[in-house]
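>>> how does the following fold in three dimensions:
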Amino acid sequence: MNDRIVRKLSPILLVGGGDCRNCGLSEAMRTAQTVVAADGGAEAVLARGRIPDAVIGDMDSLSPQLAAQIPAERRHQIAEQDSTDFDKALRSIAAPMIRAFGFTGKRLDHQLAVLSVLARYPEQRVVLVGAEDVTILCPPRITVPLAPGTRVSLWPLAPVSGRSTGLRWPIDGIAMAPDGRVGTSNEALGPVTLDMAAPRMLLILPASCREALETAAQDAPQWPARAE
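You can find the predicted model right below:
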């Protein structure tokens, strides 16, 4: 965890090899200071006319033709096969926030693996951006300015509890778990504040809430890193 490949004081745009259509990646790249690709995500970056500042992964999805377009010093191969490229990227980045595109929308097993990695690195502020949704692992406390009627879904990755204000159906006093009570399709009454007892809850909002969620995430306190 101490051998970070990319260290920045501003948010980083991380691009994976999943579905990047209709999720605003091109617009996000125009304003991003630093763009990092997780292995095959380099294809989406190059297709939009930019060379990634770094490519991190086992490089099994990066063709020789694409690799030749990226300077060798920007390609960082982590050869082990015990973790995903998303895992390799997260543990190699130090930044105040990571905006992650291309990690949803294709294979379900890949998407589930991405969600597991979020729980593995709770100290990282990561906003997953897809065509329909934006997702974050809830920090200890977060306040998101939402319009009344906005869909708010809470999905526990493990048993967890919390408190809320601003939800039509408050979660206070409810023990939530993936095989028990979950919080699909709750609704905002206005700004929503969530307090979580542990880094185990996903907050899922409509994609139109991306900027509000990113701002709230940067202002939120962080969880400590998990003890290995």
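>>> what mean pLDDT would you report for the longest helix anywhere in the chain?
Ranked by residue count and defined by DSSP state H, the top helix of the chain is helix 108-120. Here helix 108-120 scores 92 as its mean pLDDT.
>>> isn't there a helix covering residue 50?
No: secondary structure assignment (DSSP: H, G, I helix; E, B strand; the rest coil) places residue 50 in coil, not in a helix.
>>> any idea how far it is from residue 33?
12 Å (CB to CB, to the nearest Å). Placement of C-beta: from N, CA and C, glycine included.
>>> dump the longest helix of the chain to CSV, keeping only the CA atoms.
Output in CSV follows, covering the C-alpha atoms of helix 108-120 (Å, rounded to 0.1, in the frame of the first residue of the first chain):
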residue,chain,number,x,y,z
LEU,A,108,-22.0,-8.9,-13.8
ASP,A,109,-19.1,-10.9,-12.2
HIS,A,110,-16.8,-8.0,-13.1
GLN,A,111,-19.2,-5.5,-11.5
LEU,A,112,-19.5,-7.5,-8.3
ALA,A,113,-15.7,-7.8,-8.1
VAL,A,114,-15.5,-4.0,-8.4
LEU,A,115,-17.9,-3.5,-5.5
SER,A,116,-15.9,-5.9,-3.4
VAL,A,117,-12.8,-3.9,-4.1
LEU,A,118,-14.5,-0.7,-2.9
ALA,A,119,-15.0,-2.4,0.5
ARG,A,120,-11.4,-3.6,0.5
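>>> next structured bit after the helix or strand of the chain with the lowest mean pLDDT?
Least confident helix or strand, the chain: helix 64-67 with a mean of 90, by mean pLDDT, DSSP states H and E. Using DSSP states H and E, the helix or strand that directly follows helix 64-67 along the chain is strand 75-77.
>>> which strand is the longest one in this structure?
Ranked by residue count, the top strand of the chain under DSSP state E comes out as strand 183-196.
>>> contacts only, for residue 133.
104, 204-207 (CB atoms under 8 Å, 6 or more residues apart in numbering).
>>> same check on residue 13?
Per CB under 8 Å, 6+ apart, neighbours of residue 13: 28-29, 32, 34-36, 98-99, 101.
>>> which one's more surrounded, residue 50 and residue 33?
Remark: of residue 50 and residue 33, residue 50 carries more neighbours, 17 against 11, as counted by other CB atoms under 10 Å.
>>> check contacts around residue 180.
residue 159 are the contacts of residue 180 under CB under 8 Å, 6+ apart.
>>> any idea which helix or strand comes after whichever strand or helix holds residue 127?
Per DSSP H and E, residue 127 falls inside strand 126-129. Once strand 126-129 ends, the next helix or strand along the chain (criterion: DSSP H and E) is strand 133-137.
>>> tell me how many other residues crowd residue 189.
Neighbour count of residue 189, defined by other CB under 10 Å: 15.
>>> what's across from the closest residue to residue 24 other than its chain neighbours in the sheet?
Distances taken as CB to CB, 6 or more residues apart in numbering put residue 129 closest to residue 24, at 7.0 Å, once the chain neighbours are dropped. Listed by DSSP bridges, the beta-bridge partners for residue 129 are residue 101, residue 134.
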